[in-house]
Each structure stands twice: as C-alpha cells, then as structure tokens.
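**Student:** Sharing a sequence plus its predicted fold:
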Amino acid sequence: MPQVAAIQMISGADIQANLDAAARLIAEAAQQGAQLVLLPECFAAFGNRALADIAAAEYAGTGPIRPFLAEQARQHGIWLVAGSIPLPAEPGGKAMACCLVLDEQGNEVVRYDKLHLFDVEVADSQRSYRESKDYAYGDRFVCIDTPVGRLGLSICYDVRFAELYAALRRAGAELIVVPSAFTAVTGAAHWEVLLRARAIETQCYILAANQGGTHANGRETFGHSCLIDPWGEITACLPQGEGVVTGAIDLQHLNTIRGRMPVAGHRRFEPVDAIVPASTEF
Ligand SMILES: NC(=O)CCC(=O)C(=O)O
C-alpha cells in the first residue's frame, strides 16, 4: 500500500535554517517509505517582513526555495507537496500563498494558490491576522493524479469552507492535503473537528501538516499533524514539535466506505461552483 507523510515544523524567518530542517525531515519521511511528502504552510519563511522580495526572487528563479524542492524530490524519488511559499502568478504581481506540487523527478507539475485568506482576530491570544495584506486571493481549485491516488489541494484556513472540499470530491479526489500554520488557540478548539468532518463528508483521506510549537516571533501554532482515513479515524498524529507523521493510503478501504454509504449519489442539492477547476498544465 502506498505510504504518505506529513512533516511538522517550527519554522522561523531564517530561510536556510528552515530548508535545512525540512531536508532532515524529508529524508526521515523517505526512509520510512513515504512516496508523497507534505510540508506545512510557510515552511520556508515564517514571520518574514520581506515577503514580497522573497516572492519576486522565487518567481525570477533566483531564490533558494524552488531549486531546493526540486533537488529534494529528485534525490529521494518522492512527490513533494510544498505547503506554501510566497509566489506571484505573473511578473510584478502580488504574492499568492502558493502550494507547489513536484513529481519524483523534481518537475513542478501544478500550483494551488490559497483561496481563503486568514483575516481574523483571535480573541484569546489578542492577535490579529491579515493575510490579505501580503497575499492575493487564489481563484481556482486543483486536483491532480499522483502515484498514491488522486490528490486535492487546500491550505490551512480553507478547511473551514466545506464547499471547496465538496468540489474536490466531485473532481475525483481520494486524498486531500491541508498544509497549515493553524494557531494554537483556534487549533485547540477546531482543528481535529474540522479535519475529521472534511474526511467524513468527502470520504477522502486527509493529510494535514501543521506548524507545531512556539516560533521565534512569539506566535504559537497547534501541531497535531495527522493522517485521517475516509471514515474519519485519525490513523497517525504528532501533537507538538518537529517530526514526521506517516501512514498508508488504502484505496480499497476508501472504496468500501464509499460503496456502503454512497453519500455522493444521495446529494439533493448541487452547490453552484463559484470556484472553477484549474488547468493542470503548469
Ligand atoms: N494560516 C491560517 O490560515 C491559519 C488558520 C487558522 O488558524 C484557523 O483557525 O483557521
């Protein structure tokens, strides 16, 4: 059975230090047999002020992150789902929170730009978040075939918007990833409930890679990176700190669940798709 892995990190603003940590954890995941490895949101740059410069350099091909990802995927012969990096969609454009997917030869095969940006006051932590200040909104959902099954893409705050996941299921998703930097306060209240609900509704595997600890800028993230099966059971979880969560994708188990409880065929109301599928041409 194909194995997948979610990597949990406590990233900071030092890009090279983050890439070194990611390299160590990717090697661990590959050694455990993972064919597809997911990095968390903001794995390479967390709390950086110069996001626009980082994004422009990555777009121009002069930044360190995209070559690092290609080398890691190639070296370990894995599909790499690269959480998020700041990357514009066109020259001179505002950064998007972009999840790149690379195949085992290190080719970038598709990008997904975060649809829902986290502009929220988190009351208990007295913090306010304004992602839309730094990032432009994505406007496409993305599903792509991989060696472990058909993959749907989402990022962090997206998990609160069930219609995206319904669209991914309709597009054939079997595994949906949720790379995240979910806050400690909102995570304690909502993380597990939301992820399990998305798994149960879509009857998909959910692989969630979170940031998990106290970061150099004082921000606290919830951790609990996990793999959830299409019945909603958490099959592996890492509460806090850096590490790797691995598990199997069993498509026979998925098809048994879908066959016994065919909820996709019982739907009475088709939601209107305001979001459209992206072309998988990169
Ligand atoms: N980076 C994010 O999207 C954070 C989302 C989050 O913490 C939430 O509660 O939702």
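**Tutor:** That came through fine. Numbering: from 1, shown residues only.

**Student:** How about the host helix or strand of residue 67, which residues are buried there?
**Tutor:** Residue 67 belongs to helix 65-76 when assigned by DSSP states H and E. The neighbour-count check on helix 65-76 (16 or more other Cβ atoms under 10 Å) flags 65-66, 68-70, 72-74, 76 as buried. Glycine gets a C-beta too; all of them are placed from N, C-alpha and C.

**Student:** Just give me the neighbour total for residue 162.
**Tutor:** 14 (other Cβ atoms under 10 Å).

**Student:** confidence score at it?
**Tutor:** For residue 162, the pLDDT comes out at 96.

**Student:** now it, nearest residue through space, not along the chain?
**Tutor:** Counting by Cβ to Cβ, 6 or more residues apart in numbering, residue 201 is the residue found nearest to residue 162 once chain neighbours are left out, at 6.3 Å.

**Student:** mind listing what that neighbour touches?
**Tutor:** Neighbouring residues of residue 201 by Cβ atoms under 8 Å, 6 or more residues apart in numbering: 162, 165-166, 169, 263.

**Student:** Pull out the buried positions in the strand or helix carrying it.
**Tutor:** Per DSSP H and E, residue 201 falls inside helix 192-202. Going by neighbour count (16+ other Cβ under 10 Å), the buried part of helix 192-202 is 192, 194-200, 202.

**Student:** is it true that residue 16 touches residue 64?
**Tutor:** Yes - using Cβ atoms under 8 Å, residue 16 makes contact with residue 64 at a distance of 7.1 Å.

**Student:** Looking at these two, which is more packed in?
**Tutor:** Legend: neighbour count by other Cβ under 10 Å for residue 16 and residue 64, higher for residue 64 (14 against 10).

**Student:** so where do the strands sit in the stretch 1-150 of the chain?
**Tutor:** Secondary structure of the stretch 1-150 of the chain (DSSP state E, counting those that start in this stretch): strands located at 3-8, 34-39, 79-88, 95-102, 108-113, 119-122, 127-130, 140-141, 143-146, 149-153.

**Student:** Show me which residues of the stretch 1-150 of the chain are close to the ligand?
**Tutor:** By the rule Cβ under 6 Å from any ligand atom, the part of the stretch 1-150 of the chain lying against the ligand is 41, 118.

**Student:** Just the closest residue of the stretch 1-150 of the chain to the ligand, please.
**Tutor:** Nearest to the ligand, among the residues of the stretch 1-150 of the chain, is residue 118, at 3.7 Å (Cβ to the nearest ligand atom).

**Student:** give me every residue that touches that residue.
**Tutor:** Under the criterion of Cβ under 8 Å, 6+ apart, the neighbours of residue 118 are 129, 131, 156-157.

**Student:** Of those residues, which is the most crowded?
**Tutor:** residue 156 (26 neighbours).

**Student:** that older thread, and the pLDDT at the residue nearest to residue 162?
**Tutor:** For residue 201, the pLDDT comes out at 98.

**Student:** next one: residue 279
**Tutor:** At residue 279, the predicted lDDT confidence score is 65.

**Student:** leaving aside the residues next to it on the chain, what's closest to residue 97?
**Tutor:** Distances taken as Cβ to Cβ, 6+ apart place residue 114 nearest to residue 97, at 3.8 Å, with adjacent residues excluded.

**Student:** Which parts of the stretch 101-250 of the chain are helices?
**Tutor:** All helices of the stretch 101-250 of the chain, identified by DSSP state H, counting those that start in this stretch, fall at 131-134, 162-170, 184-186, 192-202.

**Student:** Can you check which of the ones you listed gets nearest to residue 109?
**Tutor:** Nearest to residue 109, of all the helices of the stretch 101-250 of the chain, is helix 162-170, at 16.8 Å by Cβ to Cβ.

**Student:** can the closest one be found next to the ligand?
**Tutor:** No - between helix 162-170 and the ligand, judged by Cβ under 6 Å from any ligand atom, nothing touches; the nearest distance is 13.0 Å.

**Student:** Work out the gap between that helix and the centre of the chain.
**Tutor:** Relative to its chain's centre, helix 162-170 lies at 15 Å (Cα atoms, centre = their mean, to the nearest Å).
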